[in-house]
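>>> Just the structure for this:
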Amino acid sequence: MHYKTIALELIEQQTELHDRLKKERRLKPVMEICARRLRESHLAWQERLAEIRPQSDPAQRASEALELAIEELICHLPFALETGEATPLSLDAAMASLKRPTSRG
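Purely as a prediction, here's the structure:
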(Lines give C-alpha, C1' and ligand atoms only; values in the text may rest on other atoms or scores of the structure.)
Protein backbone atom coordinates (compact mmCIF):
# COMPACT_ATOMS: atom_id res chain seq x y z
CA MET A 1 0.00 0.00 0.00
CA HIS A 2 1.06 3.56 -0.63
CA TYR A 3 -0.28 5.03 2.57
CA LYS A 4 1.72 8.25 2.24
CA THR A 5 0.31 8.87 -1.24
CA ILE A 6 -3.25 8.27 -0.04
CA ALA A 7 -2.75 10.46 3.03
CA LEU A 8 -1.27 13.29 0.96
CA GLU A 9 -4.11 13.12 -1.56
CA LEU A 10 -6.69 13.29 1.23
CA ILE A 11 -4.96 16.33 2.71
CA GLU A 12 -4.72 17.99 -0.71
CA GLN A 13 -8.47 17.57 -1.21
CA GLN A 14 -8.98 19.94 1.71
CA THR A 15 -7.28 22.92 0.11
CA GLU A 16 -7.57 25.29 3.07
CA LEU A 17 -6.03 22.71 5.38
CA HIS A 18 -3.36 21.83 2.83
CA ASP A 19 -2.41 25.47 2.34
CA ARG A 20 -2.25 26.09 6.08
CA LEU A 21 -0.03 23.07 6.65
CA LYS A 22 2.23 24.05 3.80
CA LYS A 23 2.51 27.61 5.08
CA GLU A 24 3.30 26.36 8.59
CA ARG A 25 5.78 23.81 7.15
CA ARG A 26 3.88 20.96 8.78
CA LEU A 27 2.64 19.20 5.65
CA LYS A 28 5.22 16.41 5.61
CA PRO A 29 5.08 15.55 9.33
CA VAL A 30 1.27 15.59 9.37
CA MET A 31 1.13 13.51 6.17
CA GLU A 32 3.48 10.97 7.76
CA ILE A 33 1.37 10.80 10.92
CA CYS A 34 -1.78 10.35 8.83
CA ALA A 35 -0.11 7.67 6.69
CA ARG A 36 1.01 5.78 9.79
CA ARG A 37 -2.48 5.98 11.29
CA LEU A 38 -4.02 4.93 7.98
CA ARG A 39 -1.79 1.85 7.87
CA GLU A 40 -2.55 0.97 11.50
CA SER A 41 -6.26 1.42 10.92
CA HIS A 42 -6.18 -0.60 7.71
CA LEU A 43 -4.46 -3.52 9.45
CA ALA A 44 -6.85 -3.34 12.40
CA TRP A 45 -9.89 -3.31 10.11
CA GLN A 46 -8.55 -6.32 8.21
CA GLU A 47 -8.25 -8.25 11.47
CA ARG A 48 -11.71 -7.18 12.63
CA LEU A 49 -13.34 -8.07 9.30
CA ALA A 50 -11.59 -11.46 9.35
CA GLU A 51 -13.13 -12.11 12.77
CA ILE A 52 -16.58 -11.01 11.65
CA ARG A 53 -16.55 -12.72 8.24
CA PRO A 54 -13.89 -15.45 8.25
CA GLN A 55 -15.26 -17.07 5.08
CA SER A 56 -15.07 -13.91 2.98
CA ASP A 57 -12.40 -13.41 0.34
CA PRO A 58 -9.20 -11.95 1.88
CA ALA A 59 -8.73 -9.55 -1.04
CA GLN A 60 -12.28 -8.26 -0.58
CA ARG A 61 -11.68 -7.84 3.17
CA ALA A 62 -8.46 -5.93 2.51
CA SER A 63 -10.22 -3.62 0.07
CA GLU A 64 -13.14 -3.01 2.42
CA ALA A 65 -10.73 -2.47 5.32
CA LEU A 66 -8.88 0.19 3.34
CA GLU A 67 -12.16 1.93 2.49
CA LEU A 68 -13.09 1.99 6.18
CA ALA A 69 -9.64 3.23 7.19
CA ILE A 70 -9.83 6.02 4.62
CA GLU A 71 -13.30 7.03 5.81
CA GLU A 72 -11.95 7.10 9.34
CA LEU A 73 -9.05 9.33 8.34
CA ILE A 74 -11.29 11.68 6.36
CA CYS A 75 -13.64 12.09 9.32
CA HIS A 76 -10.83 12.81 11.74
CA LEU A 77 -8.39 14.72 9.57
CA PRO A 78 -9.60 18.22 10.55
CA PHE A 79 -9.46 17.28 14.25
CA ALA A 80 -6.06 15.68 13.81
CA LEU A 81 -4.66 18.87 12.40
CA GLU A 82 -6.09 20.95 15.23
CA THR A 83 -4.46 18.77 17.88
CA GLY A 84 -1.34 17.96 15.88
CA GLU A 85 -1.94 14.26 15.52
CA ALA A 86 -4.36 11.87 13.88
CA THR A 87 -6.57 10.07 16.39
CA PRO A 88 -8.45 6.88 15.53
CA LEU A 89 -12.20 6.45 15.76
CA SER A 90 -13.68 5.17 18.96
CA LEU A 91 -14.77 1.54 18.95
CA ASP A 92 -18.44 2.61 18.94
CA ALA A 93 -17.94 4.84 15.91
CA ALA A 94 -16.00 2.12 14.13
CA MET A 95 -18.73 -0.46 14.75
CA ALA A 96 -21.41 1.99 13.60
CA SER A 97 -19.43 2.49 10.43
CA LEU A 98 -19.27 -1.27 9.90
CA LYS A 99 -23.01 -1.68 10.38
CA ARG A 100 -23.93 0.97 7.80
CA PRO A 101 -25.53 -0.48 4.67
CA THR A 102 -23.33 -0.35 1.58
CA SER A 103 -24.16 -0.36 -2.10
CA ARG A 104 -22.41 -3.75 -2.38
CA GLY A 105 -25.02 -5.33 -0.18
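
>>> so where's this structure shaky on pLDDT?
Residue ranges of the chain with pLDDT under 70: 1, 79-105.

>>> And the strands in this structure, which stretches?
With DSSP state E, there are no strands along the chain.

>>> where exactly do the helices run in it?
Remark: helices assigned in the chain by DSSP state H are 3-13, 15-23, 27-52, 58-83, 91-99.

>>> could I get these as a markdown table with mean neighbour count?
Yep, even glycine has a C-beta here, placed from its N, CA and C like the rest. Formatted as a markdown table, the helices of the chain follow (neighbours: other Cβ atoms under 10 Å):
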| stretch | mean neighbour count |
| --- | --- |
| helix 3-13 | 17 |
| helix 15-23 | 13 |
| helix 27-52 | 17 |
| helix 58-83 | 16 |
| helix 91-99 | 12 |
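
>>> Please tell me how far residue 4 sits from residue 37.
Distance of residue 4 to residue 37, computed by Cβ to Cβ, to the nearest Å: 12 Å.

>>> Kindly report the same for residue 71.
Residue 71 sits 13 Å away from residue 37, going by Cβ to Cβ.

>>> got the phi/psi numbers for residue 24?
phi -80, psi 0 (degrees, to the nearest 10).
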